[in-house]
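Participant: okay, structure incoming, though there's no sequence with it:
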């Protein structure tokens, strides 16, 4: 019986994390789910959202942008399109992105210009999420 | 016999060439570092994805998805990845030679082969030989992003599902080390899942899929193609920088040798000129007696 989970998060650009953890919470396509050691084998699509993991009593947060999670009894492998630790988020950039996206949406709403509204919305969501997760960063 | 000035001029010209090759070597070395880091970072993702995909494919059966199912093959697409710029040794000629032979071989076996190229060097090569290309992408090297790979993958997958071709092969340089690159011909489509160890399947037992196995597979397969193309692009980028560094190192060394040889020649000529002048002075003094 395993009492720890091996969590590995990889993106096309880098290996984000490879660590022994106690609990993982990820945003699945059909709702958020938590994984503890000895979970049933499980494969799911992940959507944009906040994920976290726990080591002992400390909880760490990350932003996850679409991907897959393969869960085994003693390991969780996450293939993400994008993933950042809360500590790595550039708040300035996220705020700028938020502003840009809001402006775009405003333009479309005034029907002034044809821009890809879905893209603007998606980028707004990403920015908001980044800001939210960044506020949960650990101050150690 | 070249005059002193001729030799001097050649030495200067070789020296300035050497300076250029030296600078290019330095630039390639620092770019190599970056490219190398990127490929090492991207490999785990590509490998993990492939193993997830393989285990999924084994459980669902191959024929369920068009990108996995085997077709009777008659049309093959060859996707060749080369560099945009030259001066990187035999890197491009090696890969193009292999691709060219591969194309001929497939044609001999009654395949219909179409070629697509990534990189200016590949495009120019096939254009010069009047071999039509289905599609070309240029100007990627040096600034490869995931969305480049996505764009290429989308085109390939679209044409594959529309049955414009039944098989896709990727020809690229795999980065082994700065000195070593290997030309790889890899089958991209249909996707050939890895053999999964039986033990592992038993070990894991039944999987739960969310939303469902086939839906996961539907999104995973095109993604896999993107990732493979992305990886191949990075491999070829790293290979380019490695090959350029080696080529420029050789060029610098050759220039150094040449300068040494020319300097020797220059000194000999100078010595001869001095001797000649001395003889003339002595001869003139002798005549005055």
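Facilitator: Received, thanks. Small disclaimer: the values here were computed from a predicted structure and weren't measured.
Participant: which bits of the stretch 1-150 of chain B sit near chain A?
Facilitator: Proximity of the stretch 1-150 of chain B to chain A is confined to B:38, B:41, B:42, B:44, B:45, B:46, B:48, B:49, B:52, B:56, B:146 under the rule CB under 8 Å from any CB of the partner chain. (Each C-beta comes from the backbone N, C-alpha and C, glycine too.)
Participant: residues contacting the third one?
Facilitator: Translated: residue B:42. A:12, A:13, A:14, B:230, B:231, B:234 (CB atoms under 8 Å, 6 or more residues apart in numbering or on different chains).
Participant: could I get the pLDDT score of it?
Facilitator: Each residue has a pLDDT score; the one for residue B:42 is 86.
Participant: look up how far residue B:110 lies from it.
Facilitator: To residue B:110, residue B:42 is 37 Å away according to CB to CB, to the nearest Å.
Participant: among the contacts of residue B:42, name the buried ones.
Facilitator: Buried members of the contacts of residue B:42, scored by 16 or more other CB atoms under 10 Å in any protein chain shown, are A:12, A:13, A:14, B:230, B:231, B:234.
Participant: what pLDDT, on average, does the helix or strand encompassing the fifth one get?
Facilitator: Secondary structure from DSSP states H and E places residue B:231 in helix B:213-288. Taken as a whole, helix B:213-288 carries a mean pLDDT of 91.
Participant: show me what it is packed against.
Facilitator: strand A:42-46, helix B:4-60, strand B:75-81, helix B:91-108, helix B:146-161, strand B:167-175, strand B:181-189, strand B:208-210 (3 or more CB pairs under 8 Å, 6 or more residues apart in numbering or on different chains; DSSP states H and E).
Participant: quick one: mean pLDDT for the helix or strand following the first one?
Facilitator: Put plainly, it is strand A:42-46. Scanning forward in sequence from strand A:42-46 by DSSP H and E, the next helix or strand is strand A:49-55. For strand A:49-55, mean pLDDT is 88.
Participant: identify the residues contacting residue A:16.
Facilitator: Going by CB under 8 Å, 6+ apart, the list of residues near residue A:16 reads A:9, A:10, A:62, A:80, A:83, A:84, A:85.
Participant: just the buried positions in stretch B:282-289, please.
Facilitator: Buried-residue list, stretch B:282-289, by 16+ other CB under 10 Å: empty.
Participant: an error on my part: the question was meant for stretch B:78-93.
Facilitator: Those would be B:78, B:79, B:80, B:81, B:82, B:83, B:84, B:88, B:89, B:91, B:92, for stretch B:78-93 by 16+ other CB under 10 Å.
Participant: dump those residues to a markdown table, plus pLDDT.
Facilitator: Below are those laid out as a markdown table (pLDDT from 0 to 100):
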| residue | pLDDT |
| --- | --- |
| B:78 | 89 |
| B:79 | 91 |
| B:80 | 91 |
| B:81 | 91 |
| B:82 | 91 |
| B:83 | 90 |
| B:84 | 89 |
| B:88 | 86 |
| B:89 | 85 |
| B:91 | 89 |
| B:92 | 90 |
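Participant: what is the nearest of those to chain A?
Facilitator: Among these, residue B:81 lies closest to chain A (CB to the nearest CB), at 16.8 Å.
Participant: doesn't residue B:121 make contact with that closest one?
Facilitator: No. Assessed by CB atoms under 8 Å, residue B:81 is found out of contact with residue B:121, at 10.1 Å.
Participant: out of the buried ones among the contacts of residue B:42, who's nearest residue B:19?
Facilitator: residue B:234 (30.7 Å; CB to CB).
Participant: skipping its backbone neighbours, what lies nearest the closest one in space?
Facilitator: residue B:39 (4.4 Å; CB to CB, 6 or more residues apart in numbering or on different chains).
Participant: any idea how many residues pack against the one you found?
Facilitator: Neighbour count of residue B:39, defined by other CB atoms under 10 Å in any protein chain shown: 20.
Participant: verify the stated contact: it with residue B:233.
Facilitator: No. Residue B:39 lies out of contact with residue B:233 (CB under 8 Å); the separation is 9.5 Å.
Participant: now do the domain split for chain A, please.
Facilitator: Domain segmentation of chain A under automatic domain parsing yields A:5-87, A:90-134.
Participant: can you pull the contacts of the residue most central in space within chain B?
Facilitator: Centroid-nearest residue in chain B: residue B:236, 3.7 Å away (criterion: CA atoms, centre = their mean). By CB under 8 Å, 6+ apart, the contact list for residue B:236 reads B:81, B:82, B:83, B:119, B:141, B:172, B:173, B:175.
Participant: returning to that earlier point: could I get the domains of chain A as TSV with distance to residue B:279?
Facilitator: Shown next, in TSV, are the domains of chain A (distance: least, CB to CB, whole Å):
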stretch	distance to residue B:279
domain A:5-87	74
domain A:90-134	79
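Participant: comparing the ones you listed, which comes out most buried?
Facilitator: domain A:5-87 (a mean of 18; mean count of other CB atoms under 10 Å in any protein chain shown).
Participant: so the residue positioned nearest the centre of chain A: helix, strand or coil?
Facilitator: The residue lying closest to the centre of chain A (CA atoms, centre = their mean) is residue A:64, at 1.7 Å. Taking DSSP: H, G, I helix; E, B strand; the rest coil as the rule, one finds residue A:64 in the strand state.
Participant: quick check: bridge partners of it?
Facilitator: Counting by DSSP bridges, residue A:64 is bridged to residue A:49, residue A:83.
Participant: measure it to residue B:89 for me?
Facilitator: Relative to residue B:89, and taking CB to CB, residue A:64 is found at 42 Å.
Participant: could you tell me which residues of chain A lie near chain B?
Facilitator: Residues of chain A lying near chain B (CB under 8 Å from any CB): A:8, A:10-15, A:28-30, A:40-45, A:68, A:70, A:72, A:77, A:79, A:81.
Participant: go through those residues and flag which are in strands.
Facilitator: A:8, A:10, A:15, A:28, A:42-45, A:68, A:70, A:77, A:79, A:81 (DSSP state E).
Participant: now residue B:144: closest residue in space, sequence neighbours ignored.
Facilitator: Using CB to CB, 6+ apart, the closest residue to residue B:144 is residue B:233 (4.9 Å).
Participant: mind listing what the one you found touches?
Facilitator: B:81, B:118, B:140, B:144, B:148, B:149, B:172.
Participant: how about the residues you listed, which pair is most distant?
Facilitator: B:148 and B:172 (14.1 Å).
Participant: of those two, which one has the most company?
Facilitator: Set residue B:148 next to residue B:172 and count neighbours by other CB under 10 Å: residue B:172 wins out with 27 against 18.
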